[in-house]
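**Student:** this is a predicted model, with the sequence first.
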Amino acid sequence: MVDQVRPLADEVAAAVSAAMEQALPAELASADPLVRPSDHADFQANVALSMAKRLGRNPRELAGTLRDHLVEHAPFIGSVEVSGPGFLNIDLTDAALLDRLAVRLTAPRLGVPASQADETAVVDYSAPNVAKEMHVGHLRSTLIGDALVRVLGFLGARVVRQNHIGDWGTQFGMLIQYILEHPEASWRSKDEDVMRAGTGGAVSALDELYRTARAVFDADPAFKERSQRRVVALQGGDAETIAIWKEIVAESETAFQQIYERLGVLLTPEDTAGESFYNPWLNDVVDELTEKGILEDSEGAKVVFFDDIKGPEDRPVPMLVRKSDGGFGYAATDLATIRRSIRDYGGTRLIYVVDARQSQHFAMLFRTARRAGWLTDSIEAVHAANGTINGPDGRPFKTRAGGTVRLADLLDDALAAARQVVAEKDPGLDQDELAEVARIASIGAVKYAELSTSRTRDYSFDAARMVSFNGQTGVYLQYTHTRIASILRRAEDGEGPGAAFHPELALEPAEHALGLALDGFGRALTEVATTLEPHQLAGYLYGLAKAFTTFYESCPVLKGVAPEVRANRLALCELTRATLAQGLDLLGIAAPDRM
Ligand code: ARG
């Protein structure tokens, strides 16, 4: 049985390449055929223009030669026209399209080939900090990373999730010292705060305490000194200190997990390998880098210098691997993460989904790992950088009091907004249904707003706009899914044949366009895998939903059509439903049957 289908766009590109081999000198024949979707035809190939220029030939004439080859050798192409200065407008036959859609309808995974089957992707994402509340900054990494994990996994990659939480560092000395000196400070979670997910009673309290401790630390030299001794105790494994540290970490992890569950992201406690996890290997990393002659001494510290990584005034910026007091920091720990991802996990793609402001850190990290011989040419290491989320006014997101905005509060805002629009759209829902639909819609809305933006761009968090039923929103896509589900339910109740593609039928333009969109699913996923940009999938799904809407407005499905037309249109509905549901799932968004 055939269960993998190449997207027709790829077949068209291959056919144009084959035609180029016939028509062009060998050194030009392997150029990119420049095949793109087009408003004037199913696809347009622009390659004749650039090639004619290089050969000093007439572009329309060269395009004509390519056309003749295409028409003769690619039976799935229905017509090729030379237009304008030498574009090739390529249309596919309805039969070719229907043929492939029929396979997709029954094939596992909608016929998408397992193009990442040879890869092991280690994806480092989310990575919030202990004793601090998860704030909006961590939302992006969490959602983008989760979508990448899902897509790469769907394409057959072995995926290792890594949550590198910030659970170590000198700041814990200060916090623990303060807690020991103030036993009355209550921060441990109590049974009664089986908290609203994500508000993390204990973590809010810790966040407060942390700020108080910081103020005392800055104002009181004696406390500062006691805190510094506490750091030494923590690093030395002092039992009392470690016990409190462990409690703090555990409270934070519980709160993180609540947020993950509320968001429906895949991270579990088993995926956590925080900064402290790497402590036992840091000396070893330093030894290895020393042996390899990569570390230099700089005022007692161990650092790595690079020729081309420079700061202000062109001064070289080193990576600080070991401080002069012997302590390790973020850079040393990440050297240990990359070494482990390669050695222990056999990673072939190492993906760090982290704020763009850390790009210099990752540039240094990858460079050092390459010098150490850990990173080789067969391994790809990427900093999948994300931009910032701004407030609705487009300015950095702050609470009215000027503090950072808590993630849990944002989700509450989205929930309230979703509740309102859902209640207006469907006043018949009872309280429980409304609560559930609003929950699904609000999480979908937040995720879609995130994932439909290019990850490097900044965007504004605007709860009211996110939950709209119109425009490019998660709610619109979920709603389209429910509409199709309802058509399919009615079809089951009514008379007539069920869904089945009929390749002998001639399609209406809107059917053909929808079919073409459906065939492009795998290509959108490949784009995500290569660019690590989930918005390629988010944008694709929006296009698909619009193609469906146009189809449904012009093509009756259940009534007044011949039986095989009904069957074919139902098959289009069913495949659209399945593709939307699968695509949304890969973005981590639920596809409800009713809303
Ligand atoms: N905890 C860090 C932060 O909040 C992010 C860690 C990202 N992962 C890594 N391997 N460096 O900025």
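**Tutor:** Received the coordinates, thanks.
**Student:** and the host helix or strand of residue 432, how far from the chain's centre?
**Tutor:** Per DSSP states H and E: residue 432 is located in helix 431-451. The chain centre lies 19 Å from the centre of helix 431-451; the measure is Cα atoms, centre = their mean, to the nearest Å.
**Student:** list the buried residues in that helix.
**Tutor:** Residues of helix 431-451 classed as buried: 434, 437-451 (neighbour count, 16 or more other Cβ atoms under 10 Å). Backbone N, C-alpha and C define where each C-beta goes, glycine included.
**Student:** where along the stretch 101-250 of the chain do the helices fall?
**Tutor:** When secondary structure is read from DSSP state H, counting those that start in this stretch, the stretch 101-250 of the chain shows helices at 136-154, 171-181, 201-219, 221-235, 239-263.
**Student:** mean neighbour count, those: which tops it?
**Tutor:** helix 136-154 (a mean of 24; mean count of other Cβ atoms under 10 Å).
**Student:** what's the mean pLDDT across that one?
**Tutor:** The average of the pLDDT scores along helix 136-154 is 95.
**Student:** how close does the closest residue to residue 164 other than its chain neighbours get to the ligand?
**Tutor:** Excluding its sequence neighbours, the residue lying closest to residue 164 (Cβ to Cβ, 6 or more residues apart in numbering) is residue 127, at 4.5 Å. For residue 127, the distance to the ligand equals 4 Å [Cβ to the nearest ligand atom, to the nearest Å].
**Student:** same deal with residue 588?
**Tutor:** Residue 588 sits at a distance of 20 Å from the ligand (criterion: Cβ to the nearest ligand atom).
**Student:** that residue - how many residues pack around it?
**Tutor:** Residues contacting residue 588 under the criterion other Cβ atoms under 10 Å number 23.
**Student:** got a pLDDT number for it?
**Tutor:** Listed pLDDT for residue 588 reads 98.
**Student:** where's it, which helix or strand?
**Tutor:** For residue 588, there is no helix or strand it lies in under DSSP H and E.
**Student:** that one and residue 150 touch, don't they?
**Tutor:** Yes. Applying Cβ atoms under 8 Å, one finds residue 588 in contact with residue 150, separated by 6.4 Å.
**Student:** any residues in contact with both of the two?
**Tutor:** With contacts taken as Cβ atoms under 8 Å, 6 or more residues apart in numbering, the residues that reach both residue 588 and residue 150 are residue 266.
**Student:** stretch 246-256 near the ligand at all?
**Tutor:** No. Where contact is defined by Cβ under 6 Å from any ligand atom, no part of stretch 246-256 touches the ligand; the two come within 11.5 Å at best.
**Student:** chain center to that stretch: distance?
**Tutor:** Between the mean C-alpha position of stretch 246-256 and that of its chain there is a distance of 26 Å (Cα atoms, centre = their mean).
**Student:** look up phi and psi at the closest residue to residue 253 other than its chain neighbours.
**Tutor:** The spatial neighbour of residue 253 that comes closest, neighbours along the chain excluded (Cβ to Cβ, 6+ apart), is residue 269 at 6.4 Å. Reported as degrees, to the nearest 10, the phi and psi values for residue 269 are phi -60, psi -30.
**Student:** try residue 290
**Tutor:** For residue 290, the backbone dihedrals (degrees, to the nearest 10) come out as phi -70, psi -50.
**Student:** ok so, going back, tell me the angle the helix holding residue 432 makes with helix 239-263.
**Tutor:** 100 degrees (axes from the mean of the first three to the mean of the last three Cα atoms, to 10 degrees).
**Student:** how far off centre is the very next helix or strand once past helix 431-451?
**Tutor:** For helix 431-451, the succeeding helix or strand toward the C-terminus, using DSSP H and E, is strand 459-460. Strand 459-460 has its average C-alpha position 17 Å from the chain's average C-alpha position, going by Cα atoms, centre = their mean.
**Student:** what of stretch 78-96?
**Tutor:** Here stretch 78-96 is found 35 Å from its chain centre; the criterion is Cα atoms, centre = their mean.
**Student:** all numbers from here: first residue = 449
**Tutor:** Noted, 449 is the first residue going forward, which turns the last one into stretch 526-544.
**Student:** in that stretch, what counts as buried?
**Tutor:** Residues of stretch 526-544 classed as buried by neighbour count (16+ other Cβ under 10 Å): 526, 528, 530, 534-544.
**Student:** quick check, residue 536 in a strand?
**Tutor:** Yes. If the criterion is DSSP: H, G, I helix; E, B strand; the rest coil, then residue 536 is within a strand.
**Student:** does it touch residue 513 like I think?
**Tutor:** No. In this structure, residue 536 sits apart from residue 513 without contact. The criterion is Cβ under 8 Å, and the distance is 10.7 Å.
**Student:** can you tell me the SS state at residue 768?
**Tutor:** Local secondary structure at residue 768 is given as strand here, using three-state DSSP.
**Student:** any idea how far residue 491 is from it?
**Tutor:** 52 Å (Cβ to Cβ, to the nearest Å).
**Student:** more neighbours, those two?
**Tutor:** Neighbour totals were compared for residue 768 and residue 491, and residue 491 leads with 22 against 18 (other Cβ under 10 Å).
**Student:** what confidence value was assigned to that one?
**Tutor:** Each residue has a pLDDT score; the one for residue 491 is 97.
**Student:** hang on, it packs against residue 455?
**Tutor:** No. In terms of Cβ under 8 Å, residue 491 does not count as a neighbour of residue 455; the distance is 11.1 Å.
**Student:** isn't residue 1035 up against residue 897?
**Tutor:** No. Contact criterion Cβ under 8 Å: residue 1035 and residue 897 do not qualify, at 11.1 Å.
**Student:** pLDDT below threshold where in the protein?
**Tutor:** Segments of the chain classed as low confidence (criterion: pLDDT under 70) are 449, 638-649.
**Student:** okay, strands next: where are they in it?
**Tutor:** In the chain, the segments counted as strands under DSSP state E are 483-485, 491-493, 525-531, 535-540, 568-572, 606-610, 744-746, 749-752, 767-770, 797-803, 828-834, 837-838, 907-908.
**Student:** got TSV for the ones you listed, with distance to residue 670 too?
**Tutor:** Conversion of the strands of the chain to TSV gives the following (distance: least, Cβ to Cβ, whole Å):
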stretch	distance to residue 670
strand 483-485	69
strand 491-493	74
strand 525-531	82
strand 535-540	78
strand 568-572	39
strand 606-610	40
strand 744-746	32
strand 749-752	28
strand 767-770	29
strand 797-803	36
strand 828-834	42
strand 837-838	40
strand 907-908	45
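**Student:** now those strands in TSV, with distance to the ligand?
**Tutor:** Output for the strands of the chain, formatted as TSV (distance: least, Cβ to the nearest ligand atom, whole Å):
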stretch	distance to the ligand
strand 483-485	36
strand 491-493	41
strand 525-531	48
strand 535-540	45
strand 568-572	5
strand 606-610	7
strand 744-746	22
strand 749-752	16
strand 767-770	13
strand 797-803	4
strand 828-834	9
strand 837-838	14
strand 907-908	19
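**Student:** which one of these lies nearest to residue 736?
**Tutor:** strand 767-770 (11.0 Å; Cβ to Cβ).
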